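In: Output the structure for:
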Amino acid sequence: MSEPYDSRFTLPSIDDAPSTEAGVILLGLDAERLLAGVGLARLADEPALVALAVDQARHNALDLGTDALVEAGIARWRAVRPLIEAGPEMTAAGSLRREWEHATARVTATVTGLGPASVACLAACWLRRDDVKEFAEHGRAPEKGSGTHDVLSRVFAD
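Out: So this is what the prediction gives:
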């Protein structure tokens, strides 16, 4: 008689994309780190924003601390969540790796112009949306008019 099968320890398929395994790792992060990832990914996916960040860093006008990244991530999440929510319904896959594939497909189908880092971070936020929503509402909310001279926080808010 064989041992009971425990799917928690299933190794990835050799055919799975490496981004799927990165997604599984992202799903293990807490909401704060996911939102910080969304904030940083928005910058890293866009060459113009990277150039702007380098210029701001050169002039000591850039804050890339965790708080600033989380605030940027919350603003971005609030902007794109309605788009993702309006996306096509997908059936539950029953497998974490298939759920990841469904979530990334939903994000890319509903939010245009995303690079791979934003797709991954937003897909993780979508799959963990209850935790992310709770943190965004009761954790640290972005401060309006905080008086900082950080142009990136205004760019992220688009």
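In: only C-alpha atoms for contact and neighbour calcs from this point on.
Out: Fine.
In: Which parts of the protein are helices?
Out: 18-26, 31-44, 47-58, 66-85, 96-110, 116-127, 129-138, 151-156 (DSSP state H).
In: Let me have those in JSON lines, adding mean pLDDT and mean neighbour count as columns.
Out: JSON lines is the format used below for these (pLDDT from 0 to 100; neighbours: other Cα atoms under 10 Å):
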{"stretch": "helix 18-26", "mean pLDDT": "83", "mean neighbour count": "15"}
{"stretch": "helix 31-44", "mean pLDDT": "90", "mean neighbour count": "24"}
{"stretch": "helix 47-58", "mean pLDDT": "83", "mean neighbour count": "14"}
{"stretch": "helix 66-85", "mean pLDDT": "93", "mean neighbour count": "20"}
{"stretch": "helix 96-110", "mean pLDDT": "91", "mean neighbour count": "19"}
{"stretch": "helix 116-127", "mean pLDDT": "94", "mean neighbour count": "24"}
{"stretch": "helix 129-138", "mean pLDDT": "92", "mean neighbour count": "16"}
{"stretch": "helix 151-156", "mean pLDDT": "44", "mean neighbour count": "18"}
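In: Nearest residue to the middle of this structure?
Out: Relative to the mean C-alpha position of the chain, the nearest C-alpha, by Cα atoms, centre = their mean, is the one of Cys121, at 2.2 Å.
In: Quick check: it touching Leu40?
Out: No: proximity of Cys121 to Leu40 does not meet the contact threshold set by Cα atoms under 8 Å, at 9.5 Å.
In: Overlap in contacts, those two.
Out: With contacts taken as Cα atoms under 8 Å, 6 or more residues apart in numbering, not a single residue reaches both Cys121 and Leu40.
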